[in-house]
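1. Give me a 3D structure for the following:
(one chain, ligands or ions: 1)
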Amino acid sequence: MSYSFRDDRYDKMQYRRTGNSGLLLPAVSLGLWHNFGDIDNQETAREILRLAFDKGITHFDLANNYGPPPGSAEENFGKIFKQDFAAYRDELIISSKAGWGMWPGPYGDHGSKKYLVASMDQSLKRMGLDYVDIFYHHRPDPATPLEETMRTLDLFVRQGKALYVGISSYNPGETEAAVKMLREMGTPCLIHQPKYSMFERWVEDGLLDVLKKEGVGCICFSPLAQGLLSNKYLKGIPEGSRALSHRGNGAIDETAITPEKIAKVVKLNELAKKRNQNLAQLALAWVLRHDAVTSVLIGVSKPEQVTDSIACLENLSFSDTELNEIDQILKN
Ligand SMILES: NC(=O)c1ccc[n+]([C@@H]2O[C@H](COP(=O)([O-])OP(=O)(O)OC[C@H]3O[C@@H](n4cnc5c(N)ncnc54)[C@H](OP(=O)(O)O)[C@@H]3O)[C@@H](O)[C@H]2O)c1
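-> Next up, the predicted model:
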């Protein structure tokens, strides 16, 4: 028998409009980059997904290469989807991406039509889906003509394999060019997925302005700087944390937990307490404060982290004094 989700699952989550589109996304979305691969506990993975949806998280974000091994997060998600979520397909926004290295040879990476078309079909097969709601080009590829990549995104929408398309980690100039091209093709760019946290503020140098001007949504990844912006590293690196997981593929490691970073984290933690939040909640609320931001894309290793992180929604407003204090802590 399939799992029965809570009737009150939509009562507390906030839903925000994605740019100028008709699509609402939850203010907190769940990513499956880590913790859903073959090396991970599948019962925990299933519990996380169930709890997330029970809390109103309607959006699950994947990519061809999530695992490890690459592809296994989509496969494992597909199994859980079939068991628990198949009856709820119309209540879910499922995304995938291609753009990083996925298989050997010249056709398993970057932005060519050859790679993207094959990758899309592989992703749909692994997840057991007829379509994804959002398909992203995962990173810019300066060696492929932008038109080839954008035409392929447009093709997916025309084929019904994706309802919407997006781009990830494109800089402001690349974003403007991609948005314009997609608009001319009749397939608007729904959303951009950049890295944004108190420790990584590059989007403030033009990208957020472009997204607002163009009416494109924004879903920010690694808003906790992979866990650093929480209370977990205050007293050293704890067992079981991502920094000790040696997962590779961009995962945070011990070298990122510097005394300078921890000194900032300690100060931010004090400020969070004054707001009756913990640091993770402060960090998520801070990203969500920006009116160009549609959603924060969190990762979790334990179900409790879903509940804890969502509680950021209880206090999303910042005084100018608090914002200045945060800027000062981050600058020093
Ligand atoms: N487009 C791209 O290129 C790109 C790149 C990276 C990520 N993403 C997307 O963004 C998603 C999120 O990225 P991320 O996992 O780096 O996000 P994150 O939210 O910054 O970091 C997640 C980690 O933070 C810790 N954590 C989460 N909630 C916590 C809480 N309430 N209290 C204390 N610690 C907490 C956990 O670490 P422990 O595991 O140590 O418990 C968790 O694994 C990915 O799954 C993926 O969908 C996209």
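2. Now do the helices in the stretch 151-300 of the chain.
-> 172-185, 207-214, 259-274, 279-288 (DSSP state H, counting those that start in this stretch).
3. Buried deepest among those helices, which one?
-> helix 279-288 (a mean of 24; mean count of other Cβ atoms under 10 Å). All C-beta spots, glycine's among them, are computed from the backbone N, C-alpha and C.
4. still on that earlier bit, kindly reformat the helices of the stretch 151-300 of the chain as a markdown table and extend each row with mean pLDDT and distance to residue 63.
-> Putting these into a markdown table (pLDDT from 0 to 100; distance: least, Cβ to Cβ, whole Å) gives the following:
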| stretch | mean pLDDT | distance to residue 63 |
| --- | --- | --- |
| helix 172-185 | 98 | 18 |
| helix 207-214 | 98 | 20 |
| helix 259-274 | 96 | 27 |
| helix 279-288 | 98 | 20 |
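5. among those, which is nearest the ligand?
-> The minimum distance between the ligand and those falls on helix 279-288, with 3.8 Å, by Cβ to the nearest ligand atom.
6. what about that closest one, distance to the chain center?
-> Counting by Cα atoms, centre = their mean, to the nearest Å, helix 279-288 is centred 15 Å from the centre of its parent chain.
7. contacting residues for whatever residue of the stretch 1-150 of the chain ends up closest to the ligand?
-> When scored by Cβ to the nearest ligand atom, the stretch 1-150 of the chain has residue 31 as its residue closest to the ligand, at 2.1 Å. Contacts for residue 31 (Cβ atoms under 8 Å, 6 or more residues apart in numbering) come out as 60-62, 221, 297-299.
8. For it, which residues count as its bridge partners?
-> Following DSSP bridges, residue 31 is listed with bridge partners residue 61.
9. Kindly reformat the helices of the stretch 151-300 of the chain as a markdown table containing distance to the ligand.
-> Converted to a markdown table, those look like this (distance: least, Cβ to the nearest ligand atom, whole Å):
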| stretch | distance to the ligand |
| --- | --- |
| helix 172-185 | 14 |
| helix 207-214 | 13 |
| helix 259-274 | 11 |
| helix 279-288 | 4 |
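10. need the residues of the stretch 101-250 of the chain near the ligand, please.
-> By the rule Cβ under 6 Å from any ligand atom, the part of the stretch 101-250 of the chain lying against the ligand is 138, 168-169, 193, 221-227, 230, 232, 241-242.
11. Go again with 8 Å.
-> With Cβ under 8 Å from any ligand atom as the criterion, the stretch 101-250 of the chain meets the ligand at residues 136, 138-139, 168-169, 193-195, 197, 221-232, 238, 240-243, 245, 250.
12. that older thread, take the helices of the stretch 151-300 of the chain and lay them out in CSV including distance to residue 113.
-> Formatted as CSV, those follow (distance: least, Cβ to Cβ, whole Å):
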stretch, distance to residue 113
helix 172-185, 14
helix 207-214, 24
helix 259-274, 41
helix 279-288, 34
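13. What segments of the stretch 1-150 of the chain are helices?
-> Under DSSP H, counting those that start in this stretch, the stretch 1-150 of the chain gives helices at 42-54, 72-80, 113-127, 146-159.
14. ok, and the closest non-adjacent residue to residue 49?
-> Residue nearest to residue 49 in three dimensions, not counting chain neighbours: residue 80, with 5.6 Å by Cβ to Cβ, 6 or more residues apart in numbering.
15. What is the burial count for the one you found?
-> 19 (other Cβ atoms under 10 Å).
16. same question, residue 230
-> Count around residue 230 with other Cβ under 10 Å applied: 24.
17. My guess is it contacts residue 224. True?
-> Yes: Residue 230 lies in contact with residue 224 (Cβ atoms under 8 Å); the separation is 5.6 Å.
18. returning to what we had before: just the contacts of residue 31 now: which is nearest residue 315?
-> Residue 315 has its nearest neighbour among these in residue 298, at 16.8 Å by Cβ to Cβ.
19. thought residue 33 was touching residue 299?
-> Yes: Residue 33 lies in contact with residue 299 (Cβ under 8 Å); the separation is 5.8 Å.
20. Residue 292 and residue 204, how far apart?
-> Distance, residue 292 to residue 204, using Cβ to Cβ, to the nearest Å: 10 Å.
21. Between these two, which is the more surrounded one?
-> Shown here are residue 292 and residue 204; by other Cβ under 10 Å, residue 292 has more neighbours (19 against 11).
22. State the pLDDT value of that one.
-> The model reports residue 292 with a pLDDT of 98.
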